[in-house]
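*Asks:* next input, structure requested:
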Amino acid sequence: MPEEAKAALKEFYQQVGEKYPEEEEVYRTLRGMLRREFILGRLAGLKGTFLDVGCNRGSYLESWQGGPRFGLDISLGALRQSPAPLAGRLVQGDAERLDCFRPGSFDHLLCSEVLEHCLHPGMIFTGIALVLKPGGQALLTTPNYHGRRPEHLPLGILEEYGVECSCGGSYFHTAYRPEELEAMARAAGLEVAESGTLEKEVKYAAKLPAALLLFVRWINRFLRWPRLGRANEAFFHTFTLACHRFCAATRLERLLLPLVREGVRSYIVMRKPCTQLEPR
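*Replies:* Reported below is the predicted structural model:
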């Protein structure tokens, strides 16, 4: 990738970190709540040095109680908004260049919702293999897809927060299936401990809310009311949560979940062999 394009991408995420309250927006949605519950459940009880790649403002770092914790993010704007106790433990850097850390530095690593933004995904896995201690473990999550792989997303709500993109009204954002994550992990010399999908509940809880969301978006193409756009997004997430809670309370969830083959997000748990394998 030309250096100027890489610089433009870095500038874009600098804006996102400064202007868009991602942790507040995402973790109040059903997707965000399910993802956070999944990740915290995986991190609970672990001990040792911990690195969060793409840490944003440090939400998961705050929850880590198992030992020394460190975070890396491409956006200095996001890091500047992190809690005071994390001062001195955060690094502005590129997830594709984890060689800014010493080899074999961390027992545990989290890389959540980062891979889909990166132009060279294989470099993420190579970096993870580099910085993990022998026997160390990493958890990575990223959007899943079915059919044709997505390559770009419209700015959407980011635009309402003043985020601009030099490449027009969309930005690079892709997705990976679990088997693709496995292939990249093994190519980097990592062992695959587990892989799969999560956030299956979204598949049924968001059906009706999504239909209403798209209908109002269509209307707003003609009205062009910014407040309606934001209210529409907020109502979608509120309605989705209500549908999920209704299904859980009435136990409809027990009938619906087995019908969902895959969740909207892929994950992989990787382990660095005690005797490091050479990357292929």
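*Asks:* now do the strands in the chain.
*Replies:* 50-53, 69-73, 90-92, 106-112, 132-143, 152-154, 170-172, 191-198, 265-271 (DSSP state E).
*Asks:* beta partners of Leu153?
*Replies:* Tyr171 (DSSP bridges).
*Asks:* so what's the residue count around it?
*Replies:* 15 (other C-beta atoms under 10 Å). From N, CA and C alone the C-beta is placed, and that goes for glycine too.
*Asks:* pLDDT at it, what is it?
*Replies:* Predicted confidence (pLDDT) for Leu153: 88.
*Asks:* show me what contacts it?
*Replies:* Listed by C-beta atoms under 8 Å, 6 or more residues apart in numbering, the contact partners of Leu153 are 170-171, 173.
*Asks:* tell me where the model's unsure across the stretch 101-250 of the chain.
*Replies:* Along the stretch 101-250 of the chain, no part satisfies pLDDT under 70.
*Asks:* need the helices for it, in chain order.
*Replies:* 121-131, 157-160, 178-187, 201-205, 207-223, 226-249 (DSSP state H, counting those that start in this stretch).
*Asks:* which one, of those, ends up nearest to Arg271?
*Replies:* helix 178-187 (9.3 Å; C-beta to C-beta).
*Asks:* and that closest one with strand 265-271, angle?
*Replies:* Orientation of helix 178-187 against strand 265-271 (axes from the mean of the first three to the mean of the last three C-alpha atoms, to 10 degrees) gives an angle of 20 degrees.
*Asks:* give me the neighbour count for Ser112.
*Replies:* Quick note: Ser112 (other C-beta under 10 Å) scores 22 neighbours.
*Asks:* and for Val53?
*Replies:* Counted by other C-beta under 10 Å, the residues lying close to Val53 total 27.
*Asks:* who wins for neighbours among the contacts of Leu153?
*Replies:* Ranked by the number of neighbours (other C-beta under 10 Å), the contacts of Leu153 place Tyr171 first, at 21 neighbours.
*Asks:* about what we covered before: most tightly surrounded among the strands of the chain?
*Replies:* When the strands of the chain are scored by mean count of other C-beta atoms under 10 Å, the highest mean neighbour count falls to strand 50-53 (a mean of 26).
*Asks:* Met184 touches Gly122, doesn't it?
*Replies:* Yes: using C-beta atoms under 8 Å, Met184 is in contact with Gly122, at 5.6 Å.
*Asks:* okay, these two: which has more neighbours?
*Replies:* For Met184 versus Gly122, neighbours defined as other C-beta under 10 Å are more numerous around Met184 (21 against 15).
*Asks:* rewinding a little: Leu30: which of the helices of the stretch 101-250 of the chain is closest?
*Replies:* Checking these against Leu30 by C-beta to C-beta gives helix 226-249 as the closest, at 4.9 Å.
*Asks:* give me the angle between that closest one and helix 207-223.
*Replies:* With the same axes, to 10 degrees defining the directions, helix 226-249 sits at 170 degrees from helix 207-223.
*Asks:* let's number from 46 now, not from 1
*Replies:* All set: I'll call the first residue 46, so the last point we hit is now helix 271-294.
*Asks:* gap between helix 271-294 and the chain center?
*Replies:* 21 Å (C-alpha atoms, centre = their mean, to the nearest Å).
*Asks:* and it, what does it pack onto?
*Replies:* Counting contacts by 3 or more C-beta pairs under 8 Å, 6 or more residues apart in numbering; DSSP states H and E, helix 271-294 packs against helix 75-88, helix 202-205, helix 246-250, helix 252-268, helix 297-301.
*Asks:* give the buried residues for that helix.
*Replies:* 274, 277-278, 281-282, 284-286, 288-289, 292 (16 or more other C-beta atoms under 10 Å).
*Asks:* name the nearest of these relative to Val261.
*Replies:* Minimum separation from Val261 among these (C-beta to C-beta) is found for Asn277, which lies at 4.4 Å.
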